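In: Below is the sequence, then the predicted model.
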Amino acid sequence: MQLILGFLLALIFFWLLQHVFQAPPEKRKKNLTYLALGIGGAAILLLVVTGRLNIIAALFAALLLLFKRLPSVLQWLPLLRKLFNAGRNAVTGSDGQSSIETSLLRMTLDHRSGKMDGEVLADRYSGQNLQAMDVSSLANLYRSAVRDYQDSIEILETYFERVYGVHWRTQFSVDDVDNVPTHDEAMTLADAKDVLGLTDHDLSEDEVVEAHRRLMQKFHPDRGGSNYLAAKINEAKRILLAHLRSQRYQ
């Protein structure tokens, strides 16, 4: 008897499923709801016939217990959401990268690994990535920066020191190059977002502070970073917080 009933229920289920997917798209959602209700009813009927109604009673008791404890569970949701977002940001960050752009370079900082790389935007090496360039080409690029792209000198030196060590000048044979960097132009709001790796979608005071903290852990001078990067990160935080606070009074 139970085998026959199960076979009939299976036939009905497949017939209903075929009927649902043959329906027009605008009726499909409604039919799927009916199908779900039908499956639930059939499952209850099968449990009644087979004498396993105690399973339903156990599920009902579990649901009652859950509803009783729902208020206390909801109190933990903000903390759980914060932990989830922190874990997600630890893997990817906002988009996992920050960027600093000068007239010669677009430098990227990976939040997770702390690695730096850059794309050359001008000069004869335009379009090439720093990681793919040999020492001779990098030395020529540095000479070009000192000669024609002085806003790029400090970020280029920071990259060289981070990748090749403090004696990179000797390795590159550029000890004779007279480095007199000029002051950078004022950082814009868009530049500040790029430095901290933030977008308009996730721009809030909490996110700015968190992004600043995360980057300083990677690029602070005491942790193998540089004064130049730390100054850029601090300036980006100052500009974004000032912008957000000024919007409160508008």
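Out: Now that the structure is in, tell me what you want to look at.
In: what about residue 119, which SS state?
Out: Secondary structure assignment for residue 119 (DSSP: H, G, I helix; E, B strand; the rest coil): strand.
In: Residue 102 is in contact with that one, correct?
Out: No - under the criterion of C-beta atoms under 8 Å, residue 119 makes no contact with residue 102, lying 11.2 Å away. From N, CA and C alone the C-beta is placed, and that goes for glycine too.
In: Stretch 198-215: which residues count as buried?
Out: Within stretch 198-215, the residues scored as buried using 16 or more other C-beta atoms under 10 Å are 198, 202-203, 207-208, 210-212, 214-215.
In: how about stretch 230-237 as CSV, C-alpha atoms only?
Out: This file holds the C-alpha atoms of stretch 230-237, laid out as CSV (Å, rounded to 0.1, in the frame of the first residue of the first chain):
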residue,chain,number,x,y,z
ALA,A,230,51.7,56.6,5.0
ALA,A,231,51.3,60.3,4.3
LYS,A,232,49.1,59.5,1.3
ILE,A,233,46.9,57.2,3.3
ASN,A,234,46.6,59.7,6.1
GLU,A,235,45.8,62.5,3.7
ALA,A,236,43.1,60.4,2.0
LYS,A,237,41.5,59.7,5.4
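In: quick one, helices of this structure?
Out: For the chain, helices defined by DSSP state H occupy the ranges 2-22, 25-49, 53-68, 70-75, 77-92, 135-148, 153-164, 168-172, 189-196, 205-219, 227-248.
In: Give the residue from residue 119 and residue 102 that has the larger number of neighbours.
Out: In terms of neighbours (other C-beta atoms under 10 Å), residue 102 is the more surrounded of residue 119 and residue 102; the figures are 21 against 16.
In: Once you drop chain neighbours, what's closest to that one?
Out: residue 152 (4.1 Å; C-beta to C-beta, 6 or more residues apart in numbering).
In: wait, isn't the one you found in contact with residue 101?
Out: No - using C-beta under 8 Å as the test, residue 152 is too far from residue 101 to be in contact (9.6 Å).
In: higher neighbour count, those two?
Out: A count of neighbours by other C-beta under 10 Å puts residue 152 above the other of residue 152 and residue 101, at 28 against 19.
In: ok, now how distant is that one from residue 142?
Out: Taking C-beta to C-beta, to the nearest Å as the measure, residue 152 falls 9 Å from residue 142.
In: show me the contacts for residue 159.
Out: If a contact means C-beta atoms under 8 Å, 6 or more residues apart in numbering, then residue 159 has 107, 116, 118, 130 as its contacts.
In: Below-threshold pLDDT in this protein: ranges please.
Out: The chain contains residues with pLDDT under 70 at 1-32, 34-35, 42, 45-95, 178-185, 224, 249-250.
In: roughly how far apart are the closest residue to residue 117 other than its chain neighbours and residue 213?
Out: Take residue 117 and drop its neighbours on the chain: the residue closest to it by C-beta to C-beta, 6+ apart is residue 131, 5.1 Å away. Distance check for residue 131 against residue 213: by C-beta to C-beta, it reads 27 Å.
In: Thank you, goodbye.
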